[in-house]
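Trainee: My questions concern the predicted model and sequence given below.
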Amino acid sequence: DQQVKQNSPSLSVQEGRISILNCDYTNSMFDYFLWYKKYPAEGPTFLISISSIKDKNEDGRFTVFLNKSAKHLSLHIVPSQPGDSAVYFCASYPGGTSYGKLTFGQGTILTVHP
Amino acid sequence: DTAVSQTPKYLVTQMGNDKSIKCEQNLGHDTMYWYKQDSKKFLKIMFSYNNKELIINETVPNRFSPKSPDKAHLNLHINSLELGDSAVYFCASSGDREWPQETQYFGPGTRLLVL
């Protein structure tokens, strides 16, 4: 029962273009969402997050959009750079406690070509 | 100045053995976690400790036993290792009074291979 799904296992983008990574969730109790980035042989690193009371959060080249009615979020990277090539994980959290029971998607491999 | 560190980075062992993985964080966080990333790349939470108290215990076999000697350390001991235990194990930590408080910081992972 995968409550967070990233249906695209991989995405290939040209440098300078926009990368759009998608994530769907099924649990309406989820109220906080995060994106993590992971390079090979390293742990995931936090990228950007969004609370369910917002529909957009921006941090530099990274913007996360949340569509609660569709239970869908997306991460936009503009412009994409070769150093952005990594695995991107969407994760969500039901809130209500401080103990971080994050549920992760299976990840999308982003490749940015020079 | 590593924030979350794990040892060992690689672990190759035989079925039936007992092994431990250690995790330390120097971020002053109150909560620590163990995750397992299986062959299908799903990251799934196994355990969480807050101030040395077990607060999350997912459906993990009893062969896995976490131990937190203090807030900065969370170790994972695995008894009678099985082939299916082969995976990457990640430790993470988070601070309760940090915003966004659910941000977890991950270690580099321990790659366990059971032969």
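Mentor: Thanks, I have it. Numbering: from 1, shown residues only, chains lettered A, B, ... in the order given.

Trainee: Check which strands are paired with the lowest-mean-pLDDT helix or strand in chain A and give the direction for each one.
Mentor: When the helices and strands of chain A are scored by mean pLDDT, DSSP states H and E, strand A:103-104 comes last with a mean of 90. As defined by DSSP bridges, the strand partners of strand A:103-104 come to strand A:86-93 (antiparallel).

Trainee: pLDDT on the partner strand, on average?
Mentor: Strand A:86-93 carries an average pLDDT of 93.

Trainee: Closest approach to chain B from chain A, which residue is it?
Mentor: Chain B sits closest to residue A:43 of chain A, with a gap of 3.3 Å, by C-beta to the nearest C-beta. (C-beta placed from N, C-alpha, C; glycine too.)

Trainee: follow-up on the earlier one: ok, and what's touching the least confident helix or strand of chain A?
Mentor: A:3-4, A:27, A:30, A:36, A:89-93, B:42-45 (C-beta atoms under 8 Å, 6 or more residues apart in numbering or on different chains).

Trainee: switch to 6 Å and redo it
Mentor: Contact with strand A:103-104 is made by A:3-4, A:89, A:91-92, B:43, as judged by C-beta atoms under 6 Å, 6 or more residues apart in numbering or on different chains.

Trainee: out of these, which is most surrounded?
Mentor: Compared across those, residue A:92 has the highest neighbour count, 28 neighbours, by other C-beta atoms under 10 Å in any protein chain shown.

Trainee: I'd like to know how far the closest residue in space to it that isn't next to it in sequence sits from residue A:101.
Mentor: Closest residue to residue A:92 apart from its sequence neighbours, by C-beta to C-beta, 6 or more residues apart in numbering or on different chains: residue A:30 at 4.0 Å. Distance, residue A:30 to residue A:101, by C-beta to C-beta, to the nearest Å: 11 Å.

Trainee: swap in residue B:63?
Mentor: Counting by C-beta to C-beta, the gap from residue B:63 to residue A:101 is 22 Å.

Trainee: do residue B:109 as well
Mentor: 20 Å.

Trainee: who's more crowded, the two?
Mentor: Per other C-beta under 10 Å, whichever of residue B:109 and residue A:101 has more neighbours is residue B:109, with 22 against 17.

Trainee: Pretty sure the more buried one sits against residue A:42.
Mentor: No - applying C-beta atoms under 6 Å as the test, residue B:109 and residue A:42 come out as separate, 7.4 Å apart.

Trainee: In CSV, could you pull the C-alpha coordinates for the helix or strand bottoming out on mean pLDDT in chain B?
Mentor: Least confident element among the helices and strands of chain B, by mean pLDDT, DSSP H and E: strand B:53-57 (a mean of 83). Output of strand B:53-57 as CSV, limited to C-alpha atoms (Å, rounded to 0.1, in the frame of the first residue of the first chain):
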residue,chain,number,x,y,z
GLU,B,53,12.7,6.7,24.2
LEU,B,54,11.3,4.5,21.5
ILE,B,55,8.4,6.2,19.8
ILE,B,56,8.1,4.6,16.4
ASN,B,57,8.4,0.9,15.9
